[in-house]
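Have a look at this prediction, sequence included:
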Amino acid sequence: MKYNYWFVFLVIILGLTLKAQETPVKAVELNEVAIVKVKKAIEQKADRTIFDFANQPSLNSGSVMEGIKKLPGLIASDVAGMMYQGKQLEVFMDGRPLNITTNELNSFLEGMPANAIEKIEIITQPGAEFPATSGGAIMNIITNVNAKKYLSATYTNSTNVTNYDKLRYRVSNSLLLNAKNKYFGWQLNLGQSYNETAIWTSVNKTENDANSLISQTNASRTGRNSFIKSAVNFDIGSDRLLFNYDLNYSNNNSNTLGNGPGFNTNDDSFTDALRQDFVVTYQKKFEDKAKKLDLKFNFNNNQNDFILNSRITNADILDNASKQQLYNAKVDYTQPLEFSDEGKLSFGGLFEALLFEAQNMNVINLDYQRKTTAAYGEIQTKFSKFNFIVGGRAEDYNISGKTNTATLIPFKQFRFFPNASAQYNFSSSIYFNVNYNKKISLPSTSALNPNNTNYQNPNVEYSGNPNLQPTIFDNYEVKLSAFDYAFIGYNLSSAKNQVVNRVLLNNNVVLNTSINVPEIKIHNFNVGLPIPYMLFTKGLAETMKMNVNPDTMNFLYVYAGYQFHQIPEIDTNGFWMFNFMSQIVLPKKIKFVANFNYIVPKGNYFYFIAEKPFRNTLDLTLSKKFFKDQVSVSVTADDVLNSTRSVFSSVNTPLLLFNKNDTRRFGFSINYKIPTRNKLASEDPSLLNKEKKEEGDIPLNQ
C-alpha cells in the first residue's frame with residue numbers, strides 16, 4: 001500500500017493549492033441558458049455501439065478488463081479471445097491500434113484502471129476509412145475527457161480486496177490535469193495500479209481414472225502498472241498542430257506451484273513490458289467546417305521480457321524477449337457533396353511498416369517484417385429517409401521473415417476491400433440498417449512468436465506459429481434499432497484461414513498453439529430491450545406518455561444473444577448468452593445496479609466446448625454523488641456468488657481444461673473533481689482525441 005502514498009500526497013497538495021487560489025466571485029444575472037447534453041449509458045448508431053464508462057460506477061470500479069467483461073454481447077477469454085456479437089475484435093485506444101493481442105493485451109487491460117476510461121466504442125461495421133486489417137470489428141477505448149480554458153484536475157481511486165483463500169489487494173490511482181490558453185493547450189493523464197491475483201488450473205484426460213491428471217497449478221501473481229498519457233496542442237492560424245505521447249510500463253511477477261505425473265515444480269516468473277506511442281498530427285482548417293484535411297505520423301515501440309526461473313534448481317527455464325516497432329503515416333481528406341445536405345466524400349492513403357524480433361536465450365529466432373500501402377475512397381449521402389454509404393479500400397501487403405532455421409512463407413498480395421451500407425429511418429430514433437464489408441486480419445506478432453511467454457512445466461507447453469497466414473472476412477449484418485437501447489439484429493461473419501487457438505496432446509504433453517482453419521462461419525443473433533419498472537405499476541399507456549431519461553429511471557435491461565460456430569467436418573453446437581442489468585434509484589439519489597451474466601454450457605467456441613457456463617457472475621454496485629457532484633463514491637461487490645470459472649474440453653483431443661481465478665472482490669471507488677477557479681469556463685474538444693468528426697461520432701482512421 002505504500003506504493004500509493006506519493007500519489008495521494010500529490011493530489012492533496014494540488015487540491016489545497018487550487019483551493020487557495022480561488023477568489024470570491026460576485027453573483028451575476030445570466031441572460032443565457034446552458035443546454036447540457038446528458039450522456040447515455042448505451043448509444044446505438046448505424047455502425048457502432050457506444051458504452052459510457054465515466055458515468056457508470058458498475059463498469060469503472062476495477063480494471064479495464066473487468067469492465068469490458070460486463071458489456072452485454074462481449075466475450076473476453078483466453079480460449080475464445082475477444083469477440084463481440086460473434087465478431088473478432090481489433091482493439092484500438094484513442095483511435096489508434098494497440099498492436100498487442102492475447103496474453104499481452106489481457107495483461108495490458110488488467111493493469112489499466114477502468115476509471116481512466118471515458119467510453120468504449122464497438123464498431124461492428126467499419127467502413128473504408130478504417131484499416132482493412134480491422135478484421136471483424138473494432139473496439140476503440142477512449143481514455144480522456146474534455147480540455148477546459150482553465151486548469152482542471154480530477155483524481156480517482158479504486159481499492160478492492162478478494163477473499164477466495166486469503167485477502168488480496170487491488171489498488172489503482174489516476175490523475176487528469178488539463179488547461180488551455182490562447183497560445184496552446186495541454187493534457188496530462190497519469191496513473192498506476194497494483195493487483196494481487198490468484199489462479200488455479202488443471203489439465204486432465206477425459207478418462208475418469210486415477211491416472212487422468214496431466215498438470216495442476218496454483219499461481220499467485222502481483223501486477224504493477226504505470227501509465228502516462230500526454231498531449232500538447234498549438235493553434236497555427238486557423239490550423240492545428242497536435243503532439244501525443246503515451247507510455248505504459250508493467251512489472252509483473254508470479255510464483256507457481258505445479259505437479260503432475262513424475263514432477264513437482266516451484267517456479268517464479270518475471271515480466272517487464274514497456275510500450276511507447278508518439279503521434280504528431282497536422283489538421284488543416286477550411287472556411288467550410290465540413291471540409292477537413294488531416295496529416296498524421298505515428299511511431300509505436302513495444303518491448304517485452306519474460307523469465308521463468310525454478311526455485312528448486314535455481315536456474316532459468318525460459319529467458320525470452322521481443323521487440324516491435326511500428327511506423328505509420330496517413331492522410332485523410334473529407335469534403336461535403338453539393339447535391340446532398342448531409343452527404344460527404346472521403347478519401348485518403350496510408351503507409352505502414354512493422355518490424356518484429358523475438359529472442360530465446362539471447363538468440364534471435366524470429367525476424368519478421370510487414371509493409372502495407374493503402375488508399376481508400378468513400379461516399380456518404382442521404383435521400384429522403386434513406387442513408388447510403390459506399391466505399392472501397394485497396395491495400396498492398398509485403399510480408400516476409402525468417403526463423404533461425406528456415407525462411408517464412410511470404411505473403412505478397414494486392415487486395416480490394418469493398419463496403420456498403422443502407423439505412424431506412426422510420427424516425428429520428430428508429431431505423432433499419434443493412435451492412436456488408438470485406439476485411440482482413442493479419443496474424444498478431446504474439447501468435448507468430450515461437451517463444452513461450454507463459455508459465456510451462458514438463459507436461460504443458462506454449463508455442464507460437466511463425467507460418468500463420470492472414471484471415472479474410474466477409475461480414476454481413478442487418479439490424480433494427482429504436483431509442484438507443486432497444487435493438488434486434490443478425491450478423492454473419494464468413495472467414496477463410498481463420499486463426500484459432502488449438503490445444504493438442506502428444507505423449508502426455510499438452511501443446512497450446514495457433515493454427516489456420518480453412519473456413520469458419522459465425523452466425524450471431526442478438527436482441528436488447530429495456531423494461532421500465534413503471535410498466536408494471538402504471539401500465540403501457542402511461543409509460544409511453546412519460547418523457548424520461550433511461551439513465552435516471554428504474555428499469556431492467558435484457559440482452560440475449562445466440563452464437564453458432566460453423567466449422568466444416570465438425571459437429572458443433574450453438575450457445576445462448578444472457579445479460580440482465582437492473583438499475584434502481586434509491587432515496588437520497590443513491591443508485592443501485594445489479595448485473596448478471598450467464599452463458600449456456602455445451603456450446604462450441606471454435607475447437608473448444610464449454611462443459612460449464614464459464615460466464616456466470618452476479619455483480620452489485622451502490623453509488624452516490626456528493627458536494628454538488630464534485631465527489632462520486634461507489635461500493636462494489638463483483639462475482640458475489642463466486643461462480644465464475646471455465647471448464648472446457650477440446651474437440652478430437654481427450655482433454656479437460658479447468659481454470660479458476662479469484663474473481664469475487666469487494667471494494668470502493670472515489671472520483672474527486674478538485675475545485676478550480678472558474679467553473680463557468682467553456683469546454684473545448686479533448687486534446688488527446690482530436691478528431692475530424694463531432695463528439696459521439698468518432699472515426700478511427702488514425
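Looks like it came in fine.

correct me, but residue 305 touches residue 251?
No. Using Cβ atoms under 8 Å, residue 305 is not in contact with residue 251, being 10.1 Å away. Backbone N, C-alpha and C define where each C-beta goes, glycine included.

which residues do those two both contact?
Listed contacts common to residue 305 and residue 251 are 271, 272; contacts here mean Cβ atoms under 8 Å, 6 or more residues apart in numbering.

For the stretch 351-500 of the chain, just list every one of the strands.
Listed in chain order, the strands of the stretch 351-500 of the chain (DSSP state E, counting those that start in this stretch) span 363-383, 386-403, 411-425, 430-441, 460-462, 471-482, 486-506.

What residues sit buried inside the fourth one?
Neighbour counts using 16 or more other Cβ atoms under 10 Å place 431, 433, 435, 437, 438, 439, 440, 441 of strand 430-441 among the buried residues.

where in this structure is pLDDT low?
Applying pLDDT under 70 to the chain flags the ranges 1-39, 46, 77-81, 100-103, 135, 144-150, 208-210, 484, 542-551, 676-702.

Helices along that one, start to end?
5-21, 57-60, 64-68, 102-111, 445-448, 534-545 (DSSP state H).

how close does the residue nearest to residue 621 when sequence neighbours are not counted get to residue 623?
Leaving aside its sequence neighbours, residue 621 sits nearest to residue 58 (Cβ to Cβ, 6 or more residues apart in numbering; 4.1 Å). Look at residue 58 and residue 623: by Cβ to Cβ, to the nearest Å, they are 8 Å apart.

Which neighbours do these two have in common?
Residues touching both residue 58 and residue 623 by Cβ under 8 Å, 6+ apart: 593, 634.

Now for the residue lying closest to residue 645 once chain neighbours are set aside, how many residues are close by?
Once flanking residues are discounted, residue 645 sits nearest to residue 660: 4.4 Å by Cβ to Cβ, 6+ apart. For residue 660, the tally of surrounding residues (other Cβ atoms under 10 Å) stands at 16.

Write down the beta-bridge partners of residue 660, one by one.
Beta-bridge pairing for residue 660 (DSSP bridges): residue 200.

That one and residue 199 touch, don't they?
Yes. Residue 660 is within contact range of residue 199, at 7.1 Å (criterion: Cβ under 8 Å).

any chance of the buried residues of strand 430-441 in TSV, plus distance to residue 507?
Putting these into TSV (distance: Cβ to Cβ, whole Å) gives the following:
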residue	distance to residue 507
431	58
433	53
435	48
437	45
438	42
439	40
440	37
441	33
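
Tell me the one of those residues nearest residue 216?
Nearest to residue 216 among the buried residues of strand 430-441: residue 441, at 34.7 Å, using Cβ to Cβ.

Excluding chain neighbours, what is closest to residue 418?
In space, and not counting its chain neighbours, residue 418 is closest to residue 392: 4.8 Å by Cβ to Cβ, 6+ apart.

Report how many residues lie close to that neighbour.
Look at residue 392: counted by other Cβ under 10 Å, it has 18 neighbours.

in stretch 72-92, what counts as buried?
For stretch 72-92, burial by neighbour count (16+ other Cβ under 10 Å) applies to 72-77, 79-92.

Pull the distance from it to the chain's centre.
Distance, stretch centre to chain centre, for stretch 72-92: 9 Å (Cα atoms, centre = their mean, to the nearest Å).

and it, how far apart are its ends?
One end of stretch 72-92 sits 19 Å from the other (Cα to Cα, to the nearest Å).

Please apply the same query to stretch 305-314.
Start and end residues of stretch 305-314 are separated by 19 Å (Cα to Cα).

residues making contact with that stretch?
264-273, 315-321, 452-453, 455-456.

mind running it again at 6 Å?
Residues external to stretch 305-314 that are found in contact with it (Cβ atoms under 6 Å, 6 or more residues apart in numbering): 266-272, 316-321, 453.

What's the ChimeraX syntax to select whichever of these are buried?
A single ChimeraX command selects the buried members of the contacts of stretch 305-314 (16+ other Cβ under 10 Å):
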select :267,269,271,317,318,319,320,321,453
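
Quick check: bridge partners of the closest residue to residue 637 other than its chain neighbours?
Nearest residue to residue 637, sequence neighbours excluded (Cβ to Cβ, 6+ apart): residue 620, at 4.6 Å. Beta-bridge pairing for residue 620 (DSSP bridges): residue 594, residue 637.

quick revisit: report whether the expected contact of the residue nearest to residue 418 with residue 419 is present.
No. Checked against Cβ atoms under 6 Å, the pair residue 392 and residue 419 is beyond contact range at 7.1 Å.

What about the residue lying closest to residue 116 once chain neighbours are set aside, how many residues nearby?
Residue nearest to residue 116 in three dimensions, not counting chain neighbours: residue 174, with 4.6 Å by Cβ to Cβ, 6+ apart. Neighbours of residue 174 under the rule other Cβ under 10 Å: 25.

Show me what residue 174 bridges to in the sheet.
Bridge pairing for residue 174 - DSSP bridges - gives residue 156, residue 191.

What's the separation between it and residue 117?
Computed as Cβ to Cβ, the residue 174 to residue 117 distance reads 10 Å.

same thing with residue 356?
Distance of residue 356 to residue 117, given as Cβ to Cβ: 28 Å.

Next up, the contacts around residue 71.
Each residue near residue 71 by Cβ under 6 Å, 6+ apart is listed here: residue 51.

Could you tell me the phi and psi values at it?
Main-chain torsions, residue 71, degrees, to the nearest 10: phi -70, psi 130.

Please report how far residue 641 lies from residue 618.
Separation of residue 641 from residue 618 (Cβ to Cβ): 5 Å.

same thing with residue 306?
Between residue 306 and residue 618 the computed distance is 35 Å (Cβ to Cβ).

end-to-end on stretch 659-671?
Stretch 659-671 stretches 34 Å from its first residue to its last (Cα to Cα).

Just the buried residues of it, please?
In stretch 659-671, counting by 16+ other Cβ under 10 Å, buried: 659, 660, 661, 662, 663, 664, 665, 667, 668, 669, 671.

which residues touch it?
Residues contacting stretch 659-671 (Cβ under 6 Å, 6+ apart): 61, 156-162, 164, 198-201, 632-639, 642, 644-646.
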